[in-house]
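[1] give me coordinates for this.
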Amino acid sequence: MSYLIGIDGGGTQTIGVIADINGNHLSKVVEKSTNYHVVGIEQVEATLGSILKQLLQNTGIRATNCQAACFGLAGVGRAEDHQKIYRLCERIGIPRQFILTHDAEIALTAGIRSGIGVLAISGTGSMVYGQNSEGKSVRVGGWGHLLGDEGSGYDIGHRGLKAITQMSDGRRQPTTLRKFILAQISLDRVDQLVRWVSMASKSQISALAISVFESAETGDKVAQAIIEQAGKALVISIRTAIRRLELSTNSEVFLSGGVFQNQPSFVSFLQEQFPEKTIQLIRQEPVCGAIRIAQRLIR
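    Numbering: from 1, shown residues only. Predicted coordinates:
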C-alpha cells in the first residue's frame, strides 16, 4: 500500500502527518519551527529528519512505501529558498514525488480544495496569498518582522511594547495596557523591558498580542487603536491580492494563523471591512492542505 506525507512548517511549530492515499491521517507529530531564516538550515534539517523518522516509527511504514510528499514551510517563498531546502530534503530522504511550497499555499488548499481564493495569515508573522482560476498566484507581505509582518502577532505585540514605553516617558497617558503587558511577562516596571526585549524571541513578543487584545476588551483606547491599525494593514494586503488576481466580488477570503484562531474580535473586524464577501476561518489544519497537494502528485 502507498502512503503520503504532509508537513506544515510555521514560524512557531511544525506539524507532520502521514496518511493513506485517501487522505486518512495515520500519525501526527509536532515539533519546533522550521523557518530556516529564524532557526538556521541545520536545525531545519534535524527537525524535518526527526519528524519523518517518528512518523515512520509510529506507523511501522517503510520509507519506500511513501509515494508522495508535500512540505509547506514558512520562509521558502523565493527561488533561492527553494534551492536550499530541496538540497536539505534530498539528504533526509523524501519520496520521489515531492513538492515544496510555502505554508500559505497549503493553508489555502486546506480551506478550498480548488485552491482558488485569498488567504490571510496572522500568526507570529503575517502574509496574504491568493490564486485565481488561470493558475496565477500572488503573495503580499511575508517580508519578516523587520520589513513587514503588518497585522501579525509580532506586529501587535511590538506596538504594545512601544506604546507602554511611551507611557513611561509621558508621551502618552498611562492606560491599562501597561498593567496587562507587564503582568504577562512578570515584570514590575517598564524600564525592565530593555533587558527582557534583548533576550526575547519573536514568539515571545508575538504572544504579547494576547495582552493587547485583553486590554482592548476592557475599553483601553490605545490597545483598540493598535488592533485597528493591524487589521487595516491586513485589509490593504487582502485588497491588493484581490486586485492583482482580478478576482470576482464573490471570491472567497479565508483566515488562518494563531491570532485569528484565538481572537474572534479580530476576525469580526475583517468581516466588517468586506461586507460583500464571505470571510471565514479555515477549520481544517493547514497540514491537511499539504496532504491534498501530495494526493494530486499521484493522480
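
[2] where's the residue lying farthest from the centre of the chain relative to His158, distance?
    For the chain, the largest distance from the centre (Cα atoms, centre = their mean) belongs to Gly170, which lies 35.6 Å off. Using Cβ to Cβ, to the nearest Å, one obtains 21 Å as the distance from Gly170 to His158. No exception for glycine: its C-beta is placed from N, CA and C like everyone else's.

[3] and Val76, by the same measure?
    Between Val76 and His158 the computed distance is 24 Å (Cβ to Cβ).

[4] settle it for me: which of these two has more neighbours?
    Set Val76 next to His158 and count neighbours by other Cβ atoms under 10 Å: Val76 wins out with 25 against 21.

[5] mind listing what that one touches?
    Val76 is in contact with 36, 82, 85, 100-102, counting by Cβ atoms under 8 Å, 6 or more residues apart in numbering.

[6] quick check, it in a helix?
    No. Val76: not assigned to a helix; according to DSSP: H, G, I helix; E, B strand; the rest coil it is coil.

[7] from Thr34, how far out is the nearest residue to Lys84 once chain neighbours are set aside?
    Leaving out its chain neighbours, the residue that sits closest to Lys84 by Cβ to Cβ, 6 or more residues apart in numbering is Ile41, at 6.2 Å. Ile41 sits 10 Å away from Thr34, going by Cβ to Cβ.

[8] which one's more surrounded, these two?
    Thr34 (31 against 14).

[9] my guess is that one contacts Gly49, does it?
    No. Counting by Cβ atoms under 8 Å, Gly49 is not a contact partner of Thr34; they are 10.8 Å apart.

[10] next, Asn250: phi, psi?
    Per-residue torsions, Asn250: phi -100, psi 10 (degrees, to the nearest 10).

[11] now the one 5 residues further on
    The phi and psi values for Leu255, taken as degrees, to the nearest 10, are phi -120, psi 140.

[12] so what's it bridging to?
    Ala120, Leu281 (DSSP bridges).

[13] how about the helices of this structure, start to end?
    36-39, 41-59, 79-92, 103-111, 153-169, 176-184, 193-199, 202-207, 209-217, 221-245, 258-262, 264-273, 286-297 (DSSP state H).

[14] let me know the average pLDDT across the fourth one.
    If I follow you right, that is helix 103-111. The average pLDDT within helix 103-111 is 86.

[15] now what about that helix, what contacts it?
    Under Cβ under 8 Å, 6+ apart, the answer for helix 103-111 is 6, 8-10, 70, 72-74, 115, 117-119, 121, 127-131, 137, 139, 142, 252, 254, 256, 280, 282-290, 292-293.

[16] pLDDT weak spots in the stretch 101-250 of the chain?
    For the stretch 101-250 of the chain, applying pLDDT under 70 flags the ranges 113-115.
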